[in-house]
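> could you look at this predicted model? Sequence included:
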Amino acid sequence: MLARLSIRDIVLIERLDIEFSRGLAVLTGETGAGKSILLDAFALALGGRGDAGLVRHGAEQGQVTAVFDVPKGHPATAILADNGLDDASAAGSCELILRRVQLADGRTRAFINDQAISVQTLKAVGSLLVEIHGQHDERALVDAATHRRLLDAFAGLEKDVTALEKLWEARRIANAALDEHRAAMERAAREADYLRHASDELKTLAPQDGEETTLANRRTVMMQGEKIASDLREAQEAVSGDHSPVAALSAAVRRLERRGASSPALVEPAVKAIDVAINALEEADQHLTAALRAADFDPLELERIEERLFALRAASRKYNTPVDGLAALAAKYASEVALIDAGAERLKKLAAAAAQADQRYGIAAKKLSIAREQAAQKLDKAVNAELAPLKLDRAAFTTQLESDPASPGAQGFDRIEFWVQTNPGTRPGPLMKVASGGELSRFLLALKVVLADRGSAPTLVFDEIDTGVGGAVADAIGFRLSRLASKVQVMAVTHAPQVAARASQHLLISKDALDRGKRVATRVNALAADHRREEIARMLAGAEITAEARAAAERLLKAATA
């Protein structure tokens, strides 16, 4: 429900803070006092169209803040969760603060719980929290989809609709799988010969992921080894071959060692140096031998590698696919060939699954359609019972339900629309096309009373739906607004004293002169008992309030509480 409404610098409103309570709140005041401005400001906070003209003259911006207390699990909180917004949780309920800033240059900004959001998100949340209805308001009744939702809410069929939506989605998935498989089979059948040939060829080739890179690197190593092997062999021949100096150096060492006994000082240094040289040459021979082994390869292996690379690259050109993509292509062709071979059996299974999903949906949709037909009769009876006191005793309300199983949808195959016949002998038709402004408001009120808190926003605003009626009809409107307020919060802008007398909260809208009459500002005051009687007396008598008017006001107030 709406808990508080704060308005700053909107048209004639400089600063306004209003506290609201449960039940029926009425807003009264003389014509031109600013009731429409108040509703325009409220609509702005709910995501309504912005307008630079709403900003009070001389101000840079206007602002409207609406604070709501909503139960946990309300659909509005789901929108918050979807948009990553906090919900200021309390025990069993949460507080939603909707704020709209209107700048003087025409731009607007929107916030929920002080977090910036899009106007579309604000409007989506606002539509779930408040419904505003007036004589010329079409939002509640013009959309046939809304009529279906209202009928389902009246009958308590929301869970059945949710279950049907799941069956519809399962049906969609099953039929999509069937269509996709059938199309793939038809495509594969058209290319069957080519697919079989390509699949066999690639299966024989058996390409592997990364194979080209591995083979190319191996071939590079082998070709480089072939070039360096001759140089390695020449070096080894020089170190350890027939012309190696090792034998001559070893003989020289032996001769010097035999002479060493007589002249050790002269011989030993030279012998040590020659030993080092011999050891270095032997070590070099070992390294050269190892290098030759590493560079050695089988020429047949190189030939096989080159043939393999040629075959892979030829297949790559033929199938216009990178070599590394051949393995995936082979798997794709193999699966399509398998689809041709085994697709018929799978097609039967998918067709059976789709048929089963169709049947489950059809049974549930038919059951829901029957329940709607029964609910429509009850709704018609209940709404028509409310019409006579509202001076619509010659009118008739009917729920038109057309079922077309050939046009199914997520919510079934029923098209539902509210029709009325305003007088006997006239042609019935859609509510928005047949009913006049005053009649539309009363039809709406009768419908809302019957629906009570089912399929309704937690706060309902009625803007002068009692225009053009008085006496017993106005009293009937007030009585029904009061009944409705026992289920949901109701706000009513009214000129009817019979309606005002039934309010649990009475707000007077007035226009005060400021700065010695140079400007005016709209004010809203909550009226206590005595002031309520005086305002209702004004509504009865006009400009001059008489004792008779005050007595009549007192009788209205007592009758409303009786």
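Yep, that arrived. Residues are numbered from 1 along each chain as shown.

> now the residue most central in space within the chain: how far from L431?
Nearest to the geometric centre of the chain sits D82, at 6.5 Å (Cα atoms, centre = their mean). According to Cβ to Cβ, to the nearest Å, D82 and L431 sit 33 Å apart. All C-beta spots, glycine's among them, are computed from the backbone N, C-alpha and C.

> could you report the pLDDT at the residue nearest to the centre of the chain?
Listed pLDDT for D82 reads 81.

> ditto for D86
Here, the pLDDT recorded for D86 equals 63.

> over to D530?
Note on D530: pLDDT of 84.

> would you agree it falls within a strand?
No. D530: not assigned to a strand; according to DSSP: H, G, I helix; E, B strand; the rest coil it is helix.

> gap between it and A435?
Distance of D530 to A435, given as Cβ to Cβ: 40 Å.

> count of residues packed around the closest residue to G106 other than its chain neighbours?
Closest residue to G106 apart from its sequence neighbours, by Cβ to Cβ, 6 or more residues apart in numbering: A52 at 4.2 Å. When neighbours are counted by other Cβ atoms under 10 Å, A52 registers 14.

> how far away is A52 from A41?
To A41, A52 is 14 Å away according to Cβ to Cβ.

> any regions of this protein where pLDDT drops low?
33, 86-93, 134-144, 226, 294-297, 437, 515-517, 562 (pLDDT under 70).

> packing partners for the lengthiest helix in it?
Ranked by residue count, the top helix of the chain under DSSP state H comes out as helix 326-387. Helix 326-387 sits against helix 144-155, helix 158-190, helix 192-205, helix 299-318, strand 396-403, strand 414-421, helix 437-451, with contacts defined as 3 or more Cβ pairs under 8 Å, 6 or more residues apart in numbering; DSSP states H and E.

> among the ones you listed, which comes closest to E211?
E211 lies closest to helix 299-318 among the helices and strands packed on helix 326-387, at 6.8 Å (Cβ to Cβ).

> which SSE is S510 in?
S510 is located in strand 505-514, with elements delineated by DSSP states H and E.

> next one: E283
Using DSSP H and E, E283 falls within helix 264-295.

> could I get the buried residue list for that helix?
Using 16 or more other Cβ atoms under 10 Å as the burial criterion, the residues of helix 264-295 that qualify are 267, 271, 278, 281, 285, 288, 291-292, 295.

> so which of the residues you listed comes closest to V488?
Of all those, V488 sits closest to A295, with 92.1 Å by Cβ to Cβ.

> sec struct for G409, please.
Secondary structure assignment for G409 (three-state DSSP): coil.

> surely it meets W168?
Yes. With contact defined as Cβ atoms under 8 Å, G409 reaches W168; the gap is 7.2 Å.

> between the two, who's got more neighbours?
Using other Cβ under 10 Å, the more surrounded residue of G409 and W168 is W168, with 19 against 14.

> for the spatially closest residue to the more buried one that is not a sequence neighbour, phi and psi?
Sequence neighbours aside, A410 is the residue nearest to W168 in space, at 4.5 Å (criterion: Cβ to Cβ, 6+ apart). Phi and psi for A410, reported as degrees, to the nearest 10, are phi -60, psi -30.

> all set, thanks.
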